[in-house]
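Participant: Need coordinates for the following:
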Amino acid sequence: MPETTTEVAATSEDIWAIVSDSTRTAEWLAPIHTLDGASADVPFAAGQAFKVTLNGRVPASSLRVQAVEPGRRLRFTVGPSFAHALGLAMRAEVRLTPTETGTSVTVEIACNPVTGRFQKAVSGMHVGAAAAASAADLKQMAEDS
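Facilitator: Residues are numbered from 1 along each chain as shown. Below you'll find the model as predicted:
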């Protein structure tokens, strides 16, 4: 599964404040172009679903929150409704690990091996590049705040 890990000169609490704010998801999670229904007042919780567009090219998709470990890990699935039901949705996860100098941030984005080529063709997105871009965006957002 393509993942990128980067060291960020910010606390895990500062990074979690960005990651857990659904109104900012499209700013750092590279495949997401828009996320409808987000609210800064309501933290992510397992089972939540949001309407999304991926790079403006994939209509009628949703982001579903799969797991939340506050301050440590957030996992989503993204794709059309049928993809979630069939286990074919793209998976995205961010993990935070405190270090002596800040926080190690790992972003993992993966497609189902059976449908990955189709997902890439439809979305125009390479998951490895999306993971690297997402980690870089989180780093910049956290270090600039």
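
Participant: ok, longest helix in this protein?
Facilitator: helix 127-144 (DSSP state H).

Participant: so where's the protein shaky on pLDDT?
Facilitator: Residues of the chain that meet the criterion pLDDT under 70 lie in 1, 55-60, 113-125.

Participant: Could you pull out the strands in the protein for me?
Facilitator: 3-8, 32-36, 49-54, 58-69, 73-80, 90-98, 103-110 (DSSP state E).

Participant: CSV for those strands, including mean neighbour count and distance to I15?
Facilitator: Quick note: C-beta positions are derived from backbone N, CA and C, even for glycine. Output for these, formatted as CSV (neighbours: other CB atoms under 10 Å; distance: least, CB to CB, whole Å):
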stretch, mean neighbour count, distance to I15
strand 3-8, 16, 6
strand 32-36, 16, 17
strand 49-54, 19, 21
strand 58-69, 17, 14
strand 73-80, 22, 11
strand 90-98, 20, 6
strand 103-110, 21, 5
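
Participant: My guess is V105 contacts E93. True?
Facilitator: No: if you go by CB atoms under 8 Å, V105 and E93 don't touch, sitting 11.2 Å apart.

Participant: right, so of the strands of the chain, which gets closest to T25?
Facilitator: strand 32-36 (5.0 Å; CB to CB).
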